[in-house]
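In: Sequence below, structure please.
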Amino acid sequence: MRRREFIRTAGTAGLAVLGPPLTPRRRARLPDAHVEVLLNEPIGTIAPEIYGHFTEHLGGVIYDGVWVGDRHRPSRPSWHRERRAEAQMAAVNRVRRFHRGRRRDGVGPRARRPRRTNFWIDDPRYKDLGIVPATYDPNEFGTSEFLRFCRLVGAQPYLAVNVRSLPSRAFWEWLEYCNSPAGSTSWADVRAAGGDRNPFGVVYWGVGNESWGCGGNFTPEGYASEYRRFVTWAVPQYGVDLRFVASGPNGGDLEWTRRFFAAMAERGSLDRVWGWALHHYCSAGDAGADAVAFDDRGWYELLASADRMEGLVTAHWQAMRQADRDHRVKLMVDEWGAWHRTAPLVDPSHLFESQSTIRDALVAGLTLDTFNRHADKVAMANVAQLVNCIHSLFFAHQAQFVVTPSYHVFAMYAAHQGATSVRTLWSAPRVSWTDKQGAAQGLWGLNGSASLREKTLTLTVTNPSLTEARETEIALRGGAAQSVRATTLAAHTVHDVNTFTAPNVVAPTSTDVPARGGGATLAYTFPPASVTKLEIGL
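Out: Sure, this is the predicted structure:
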């Protein structure tokens, strides 16, 4: 990478001019990058649940991430760290997905809860660590702790039920614990004894997780049979509109989707499926496997891998339609993110933890834009994971806390939540690189999404080029701009990171852009390797 050229270009890009349509003379000086925003062509409402996060008993996600507990915060034993951290989690949060292997283990007085062998007991990285939560789960953080955490940060809880090793009765009991009225059931009494008299009213319930693999290694037909057994008519509602989520495919496994839907349709059971949960993690080859020390090829290969999401959404949506012609079942992407070669950053018990750069922020931006463009299809999504693991929005250790570049993308994109996605058309020079075999590869040169809320248009844009700023003509079809505020996330170099001691190395900047002329067409220069939000008052 030509590092000096990148720094020079990034420093001068991002300057905007808003005015009348470009004249031929002005147009001659501009690259052929164009965006059309079709204000009168709505796609659908962008579900706030698209901006969700995943929390799992995995490495440092719960213990030392979400939960510090009595040892480090004696004045606040029920939660974890500073108010600022809680506020930042709340700022980007809409739904939290949580795995719980045995429901009974995570209820009642914490001192009496059983300690269990964790799934990761045989990972060689833990052999010299002794007894830590990554290998022996103390169950300090259980159902009530998670649900209180969701209340604290304003999230909708989404609980994933263990189908691999527990009977359907356990699901019923867990639902009683969460949702049955005070005094109505024995499990409601257990909940009340723990300090939560009123029910939690949990709406979203995942039935299994990755049932094609570690969640039971089922066939699609076998899993469909188990799914029906878990969500039969006898599941009590307790006045809650329960939404059951089926364990969907691993990436592009269309056969898993077709066969599950066919098996459910054969038994007339698709009305018991609210969501179909796709998982997709992106990764780069050897040149980009390291989270920070990647080269140009590693940069582009990761973005191209993330961009597969577009095809996965459309392909599985079509496969679902073969048995569900009215699309009663919505598509979900309840695990996604960038997965690098990993090493613990601050504590050896943090599993699958890796640093985060502007490259991960671009993965977040282009993925969220994909979901926004398919607002008529995607009803929920959960980046994996919230903290200290895979595609983290936060890093935490004891009392220390820092946000990653991806956090800033979620915060910038929050304006899309609940707004109406509108159609956009994009044209820009493609970026190109050479793969390991010497073959030429390419990716779009500019992409994003737009949404409308009353008189405010939010346009978010990702520029994947390492070196080229994109001077872009933006045409508003059906409206005119009266004001523009630009927020841009870029980095001094693409290897920069935020740390506990230097938390603001990669952070967004905002500026108001003066509106001139009629405002039906505007020009904006998108910096290289950046994510930008334009808030346009119409």
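In: what are the bridge partners for residue 513, then?
Out: Note on residue 513: beta-bridge partners by DSSP bridges are residue 484.
In: That one reaches residue 481, doesn't it?
Out: No: between residue 513 and residue 481 there is no contact under CB atoms under 8 Å: 9.1 Å. Bear in mind the C-beta positions are built from the backbone N, C-alpha and C, glycine included.
In: Counting neighbours, go ahead and name the busier of those two.
Out: Shown here are residue 513 and residue 481; by other CB atoms under 10 Å, residue 481 has more neighbours (23 against 18).
In: Please name the nearest non-neighbouring residue to the more buried one.
Out: residue 519 (3.7 Å; CB to CB, 6 or more residues apart in numbering).
In: Repeat that for residue 455.
Out: Closest to residue 455 by CB to CB, 6+ apart is residue 538, at 4.8 Å.
In: Are we agreed that residue 256 is in a strand?
Out: No: going by DSSP: H, G, I helix; E, B strand; the rest coil, the assignment for residue 256 is helix, not a strand.
In: can you give me the helices in the stretch 251-400 of the chain?
Out: 254-266, 296-306, 308-321, 358-373 (DSSP state H, counting those that start in this stretch).
In: Ok, the stretch 101-250 of the chain next?
Out: Counting by DSSP H, counting those that start in this stretch, the helices of the stretch 101-250 of the chain are 143-153, 168-179, 186-193, 220-230.
In: how far is the second one from where the chain is centred?
Out: When you say that, I think you mean helix 168-179. How far helix 168-179 lies from its chain's middle: 27 Å, per CA atoms, centre = their mean, to the nearest Å.
In: pLDDT below threshold where in the chain?
Out: Residues of the chain meeting the criterion pLDDT under 70: 1-31, 69-94, 99-104, 126-127, 234, 515-518.
In: Tell me which residues of stretch 388-407 come out buried.
Out: Neighbour counts over stretch 388-407 (16 or more other CB atoms under 10 Å) mark 388-397, 400-407 as buried.
In: Now, those that are in strands?
Out: 394, 395, 396, 397, 400, 401, 402, 403 (DSSP state E).
In: Pick the one among the residues you listed closest to residue 283.
Out: residue 395 (20.3 Å; CB to CB).
In: so what's the closest one closest to, chain neighbours aside?
Out: Residue 395 sits nearest to residue 402 (CB to CB, 6+ apart), 5.2 Å away.
In: Correct me if wrong: the one you found contacts residue 505.
Out: No: if you go by CB under 8 Å, residue 402 and residue 505 don't touch, sitting 10.0 Å apart.
In: residues shared between the contacts of these two?
Out: Common neighbours of residue 402 and residue 505, using CB atoms under 8 Å, 6 or more residues apart in numbering, are 498, 499.
In: Show me what the lengthiest strand in the chain is packed up against.
Out: Longest strand of the chain, by residue count under DSSP E: strand 33-45. Other helices and strands packing on strand 33-45, by 3 or more CB pairs under 8 Å, 6 or more residues apart in numbering; DSSP states H and E, are strand 420-427, strand 447-453, strand 456-463, strand 470-477.
In: Which one of those lies nearest to residue 138?
Out: Closest among the helices and strands packed on strand 33-45, using CB to CB: strand 456-463, at 41.3 Å.
In: now residue 49, what's its secondary structure?
Out: Residue 49 is classified as helix under three-state DSSP.
In: Measure how buried it is and give me the count.
Out: 22.
In: so residue 497 touches residue 354, yeah?
Out: No: in this structure, residue 497 is not within contact of residue 354 by CB under 8 Å, at 10.3 Å.
In: Tell me which of those two has more neighbours.
Out: More neighbours surround residue 354 than the other of residue 497 and residue 354, with 23 against 20 (other CB under 10 Å).
In: now that one, nearest residue through space, not along the chain?
Out: In space, residue 354 is closest to residue 291, 3.8 Å off (CB to CB, 6+ apart).
In: for the nearest residue to residue 265 once chain neighbours are set aside, what are its contacts?
Out: Spatially, and ignoring its direct neighbours in sequence, residue 265 is nearest to residue 323 (4.1 Å; CB to CB, 6+ apart). By CB under 8 Å, 6+ apart, the residues touching residue 323 are 258, 261, 262, 264, 265, 270.
In: quick one: which of those has the most company?
Out: Among these, the one with the most neighbours (other CB under 10 Å) is residue 264, at 25 neighbours.
In: Would you mind measuring from the residue most central in space within the chain to residue 283?
Out: Per CA atoms, centre = their mean, the C-alpha nearest to the average position across the chain is that of residue 383, at 2.5 Å. Distance of residue 383 to residue 283, computed by CB to CB, to the nearest Å: 15 Å.
In: do the same with residue 312
Out: For residue 312, the distance to residue 283 - CB to CB - is 15 Å.
In: Equivalent analysis for residue 42, please.
Out: For residue 42, the distance to residue 283 - CB to CB - is 35 Å.
In: do the same with residue 456
Out: Distance from residue 456 to residue 283, counting by CB to CB: 36 Å.
In: Same check on residue 335?
Out: Taken as CB to CB, the span from residue 335 to residue 283 is 14 Å.
In: Please identify which of the two sits among more neighbours.
Out: Applying other CB under 10 Å to residue 335 and residue 283 shows that residue 335 carries more neighbours, namely 24 against 14.
In: How about that one: what's its closest non-neighbour residue?
Out: Spatial nearest neighbour of residue 335, excluding adjacent residues (CB to CB, 6+ apart): residue 279 at 4.2 Å.
In: Give me the neighbour count for that neighbour.
Out: 22.
In: swap in residue 271?
Out: 10.
In: Please verify my assumption that it contacts residue 328.
Out: Yes: between residue 271 and residue 328 there is a contact under CB under 8 Å: 6.9 Å.
In: okay, and the common contacts of those two?
Out: Joint contacts of residue 271 and residue 328 (CB under 8 Å, 6+ apart) do not exist.
In: Out of the helices of the stretch 251-400 of the chain, which is the most enclosed?
Out: helix 358-373 (a mean of 27; mean count of other CB atoms under 10 Å).
In: what's the offset of that helix from the middle of its chain?
Out: 9 Å.
In: Residue 200 reaches residue 155, doesn't it?
Out: No: Residue 200 is beyond contact range of residue 155, at 11.9 Å (criterion: CB under 8 Å).
In: what sits up against stretch 227-245?
Out: Outside stretch 227-245, the residues within contact range by CB under 8 Å, 6+ apart are 158, 161, 163, 168, 171-172, 175-176, 179-181, 199, 201-208, 246-247, 264, 267, 269, 272-277, 332, 334, 380.
In: For residue 322, list the residues it contacts.
Out: 258, 261, 262.
In: and residue 398, how far is that from residue 407?
Out: Applying CB to CB to residue 398 and residue 407 gives a distance of 20 Å.
In: let me redo that: residue 478
Out: Using CB to CB, one gets 34 Å for the distance from residue 478 to residue 407.
In: swap in residue 32?
Out: For residue 32, the distance to residue 407 - CB to CB - is 34 Å.
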